[in-house]
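Participant: dropping the sequence and predicted coords here.
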Amino acid sequence: MSFSRILDEHRFEDVVARVRGATERDVRRALGRVRSGLALDDLAALLSPAAEAHLEEMAEMSRRLTIERFGRTLSLYAPLYLSNACANVCTYCGFSAHNKIRRKILNPVEIEAEAGVLSGHGFEHVLLVTGEVGHVGVPYLREAIRQLRRRFASISIEVQPMGRDDYAELVGEGLSAVLVYQETYDAAAYKRTHLSGPKADMRHRLDTPDALGQARVKKVGLGALYGLSDWRADSWFVGLHLRHLETTYWRTRYSISFARLRPHEGDEIAVTPFGERQLVHAACAFRLFSPEVELSLSTRESARFRNHAFRLGFTHMSAGSKTNPGGYTSAPESLEQFAIDDDRSPAEVAEFLRGQGYEPVWKDWDATFDGFGLVAPRELEGGKV
Amino acid sequence: MNTTCTPIEIGGVKLRSRLFLGTGKFSSGSVMAESLKASGAELVTVALRRVRVGWPDDDLMAWIDRKVHRLLPNTSGVRDAREAVLAAELAREALETNWVKLEIHPDPKYLMPDPVETLVATRELVKRGFVVLPYVHADPVLCKQLEEAGAAAVMPLGAPIGSNRGLESRAFLEIIIAQSKIPVVVDAGLGVPSHAAAALEMGADAVLVNTAIAAAEDPVRMAAAFRAGVDAGRLAFEAGVAPRSLRGEASASSPLTAFLATV
């Protein structure tokens, strides 16, 4: 069963009420079960207002579980924006089709230049990002992945949802991971903020991670865009989504990202409050719910916040990010998707982590695992092994 | 009095230390290097996925003195036999060793080893001239099959990897140790030095430890503690553990021999 059908069984308002109604006792029971594994009811309790009084305890547990699983390490990655052309009208996004910004789609020469800057900083994990238009489709991405495959240890994409066969084709080209954030699981809020374009089809987006699992993509990223609706309920739905995927597509690794609305070019919309305290709360709840899930901390957040929060459950950080195509080489600021708050260089972030007793990890994958090693293997016998 | 343990021999190489160390999860290269030193370990595993060719300053490898430590590259990250063979070939070229710790887990959540793919890959890697140490469940039949396939040692798990739970698979490890003709290295799940000591006492040839040391508050001192635990366990095994008393287990409700008095 795909996730959109599972979602049909849960009304968003009911989940809002359930999470808000969790009691002190529910929270204590959930915290007592962390070692033996939490159920979705426990996640609801940990996201509740009643859990706020336990945030320090949750943070300590989250820190411990993360060290046990991932060690005192933080993996670093960088986004590489290939295009800001987009057919969608989304009220919160700087790339929205109605916004009068200069559109740019990088060509191979420009991609090479951007990639060279990122390699020079030491990045081995790169995330390719595009808007959603027809001519930045599978063939364009295939060429970009082919071009970059030998330069980086892993290549992830954050682009429009595609079909299972498209993903399978890109996996064959060496694609390592796909991030597809639902933004919100609240159908009313989704409709309110996605006015037109392919992204307005909420169910298609909901079922995209299933397509990724079926295509055997090795890592899938989930997440809500906080600010669009109730953060507690949206976080619970991310947990529901994660549990469905983990049990169905058990060969795949999962990550969760935390985006919250930031100043951008475009319409002003009503933002549901989601501050730094809530971000930490959600991240710790996810860590206690899944000791194995990767949690990513973005450069959308301030240096001060990241310097304190990184040890509370996060495993991945972007650094020195530019969110406009060509940003690493020419940097015309007007094209960016959202504003960056932590503008330290990758080297500065790495140095800070070292100073805190954490190892910045630049490489934790190898192109070999995607079939693109540096060594040309001898013909594998019989094609079987 | 001889208080020195006999060395372990794997793939024709003698190793004095029966403590193997993983190099992941440390807070820095220098803490890792100090921990290696304190542990006395000779054989150390390195995840191929963490090795950066061409970045000498950043590379994990820069912290490992290869005159002291023999490298055991692991294939962590691969999901089937085919990927494992590719990874082993890359490791052989990049790290110049034909030793490989074969780790195949298609399940990235619990990191459970795939027994079928591991057996297939072991056969292929042995054929290609590798010294293969496969990481497996504590499955006695599989361990014999790996032995027949030419594995240099078997590495059954004590408990789920990273769990620090100790020898939860003890009953199966006892069978594996009893019937193995190649070294048995208990890998994964050992949380404290007493777990390592217990494994060596029961006859395991060595243990591999990573999380328990790297995630400790003071990894260097914990490495020294594991060294002592491993030495104690092995020495006890070589000394010959005295038979466990049966007293207390004999508890028949009426005397079994009372009838003899009436004969």
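Facilitator: Perfect, thanks for sending it. Numbering: from 1, shown residues only, chains lettered A, B, ... in the order given.

Participant: residue contacts, the residue of the stretch 51-200 of chain A found nearest chain B?
Facilitator: Using Cβ to the nearest Cβ, the single residue of the stretch 51-200 of chain A nearest to chain B is A:Gly71, 2.4 Å away. C-beta coordinates here come from the backbone N, C-alpha and C atoms, glycine included. The contact partners of A:Gly71, taken as Cβ atoms under 8 Å, 6 or more residues apart in numbering or on different chains, are A:359, B:24-27, B:211, B:214-215.

Participant: in these, find the pair that's most separated.
Facilitator: Distance extremes for those: the farthest pair is A:Glu359 and B:Thr211 at 14.6 Å, using Cβ to Cβ.

Participant: for the stretch 101-250 of chain B, which residues are neighbours of chain A?
Facilitator: For the stretch 101-250 of chain B, the residues in contact with chain A (Cβ under 8 Å from any Cβ of the partner chain) are B:106-110, B:120-121, B:124, B:128, B:162, B:164, B:211, B:214-215.

Participant: neighbour-wise, which of those residues leads?
Facilitator: B:Ala121 (30 neighbours; other Cβ atoms under 10 Å in any protein chain shown).

Participant: not counting sequence-adjacent ones, nearest residue to it?
Facilitator: Leaving aside its sequence neighbours, B:Ala121 sits nearest to B:Ala81 (Cβ to Cβ, 6 or more residues apart in numbering or on different chains; 3.8 Å).

Participant: isn't that neighbour up against B:Glu103?
Facilitator: No. Contact criterion Cβ atoms under 8 Å: B:Ala81 and B:Glu103 do not qualify, at 11.9 Å.

Participant: more crowded one of these two?
Facilitator: Ranked by neighbour count (other Cβ under 10 Å), B:Ala81 and B:Glu103 place B:Glu103 first, with 28 against 24.

Participant: relative to B:Gly22, how far out is that one?
Facilitator: Separation of B:Glu103 from B:Gly22 (Cβ to Cβ, to the nearest Å) stands at 11 Å.

Participant: over to A:Gly313?
Facilitator: Distance from A:Gly313 to B:Gly22, by Cβ to Cβ: 23 Å.

Participant: chain B contacts on the stretch 101-250 of chain A?
Facilitator: Counting by Cβ under 8 Å from any Cβ, the stretch 101-250 of chain A sits next to chain B at A:122, A:124, A:153, A:218, A:246, A:250.

Participant: for the last one, what are phi and psi?
Facilitator: Here is the backbone geometry of A:Trp250 (degrees, to the nearest 10): phi -70, psi -10.

Participant: got any ranges where chain B has weak pLDDT?
Facilitator: Chain B contains residues with pLDDT under 70 at B:1-2, B:53-54, B:56-59, B:243-253, B:263.

Participant: max-length helix in it?
Facilitator: In chain B, with assignment by DSSP state H, the single longest helix is helix B:219-239.

Participant: how about the strands in the stretch 51-200 of chain B?
Facilitator: In the stretch 51-200 of chain B, the strands defined using DSSP state E, counting those that start in this stretch lie at B:70-74, B:99-102, B:131-136, B:155-156, B:185-187.

Participant: what helix or strand is B:Thr3 located in?
Facilitator: For B:Thr3, there is no host helix or strand (DSSP states H and E).

Participant: that one contacts B:Leu235, correct?
Facilitator: Yes. Using Cβ under 8 Å, B:Thr3 is in contact with B:Leu235, at 6.5 Å.

Participant: tell me the pLDDT at the spatially most central residue of chain A?
Facilitator: For chain A, the residue nearest the mean C-alpha position is A:Ser257 (3.7 Å; Cα atoms, centre = their mean). pLDDT, the model's per-residue confidence, is 96 for A:Ser257.
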